[in-house]
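Trainee: turn this into a structure:
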Amino acid sequence: MLLHIVARGRIGRGPEAELVDRYLKRVTWPVRVTELPDTGGRPPPREANSRLVLLDEKGVNLPSRDLAQRLGDWRDAGVRETRFMLGAADGFDDAARAEADLLLSFGRLTWPHLMARAMLAEQLWRAVSILANHPYHREG
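Mentor: Predicted structure coming up:
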């Protein structure tokens with residue numbers, strides 16, 4: 001299953017970009033990153049049989065194991081693409097939220113887009129490692 005990150009704004013170069021690259025290189029599933037302008041610009045069309053995850057302040061705050069389980073279930077059901085959307089500064093409107101298969105939050109704090117992208121990249125690596133029974137993830 002393709003893990004597709006679609007984000008508003010360019011990450012450029014810097015420590016956040018290095019973190020994103022570091023984690024995404026570890027993911028053994030196919031990964032694509034699409035950057036859109038901060039304003040305007042439409043995301044590429046979704047694949048048939050895909051899932052849409054919006055990173056959103058109104059989303060659920062899932063434990064890493066639950067996110068991994070959800071991704072594994074979708075993969076096992078034959079889903080071709082899971083698209084993770086990081087919106088513009090104003091987030092998503094109600095219409096976009098209604099189209100999503102999952103609204104995902106990284107907690108109640110507000111995160112800069114560059115950090116949110118790095119955190120998403122790490123969580124994707126963590127989810128894939130959990131599903132592969134890799135020892136990276138530990139629960140206390």
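Trainee: run through who's touching the longest strand seen in the chain.
Mentor: Secondary structure of the chain per DSSP state E: the longest strand is strand 50-60. Contact with strand 50-60 is made by 46, 74, 79-87, 91-92, 96-97, 99-106, 108, 110, 116, 120, as judged by C-beta atoms under 8 Å, 6 or more residues apart in numbering. For glycine as for every other residue, the C-beta is placed from the backbone atoms N, C-alpha and C.
Trainee: could you spell out the sheet neighbours of that strand, each with its direction?
Mentor: Its sheet considered, strand 50-60 pairs with strand 81-86 (parallel), strand 102-104 (parallel) by DSSP bridges.
Trainee: what's the most buried one of those?
Mentor: Looking across the strands paired with strand 50-60 with neighbours counted as mean count of other C-beta atoms under 10 Å, the highest average goes to strand 81-86: a mean of 22.
Trainee: report the distance from that strand to the chain centre.
Mentor: 5 Å (C-alpha atoms, centre = their mean, to the nearest Å).
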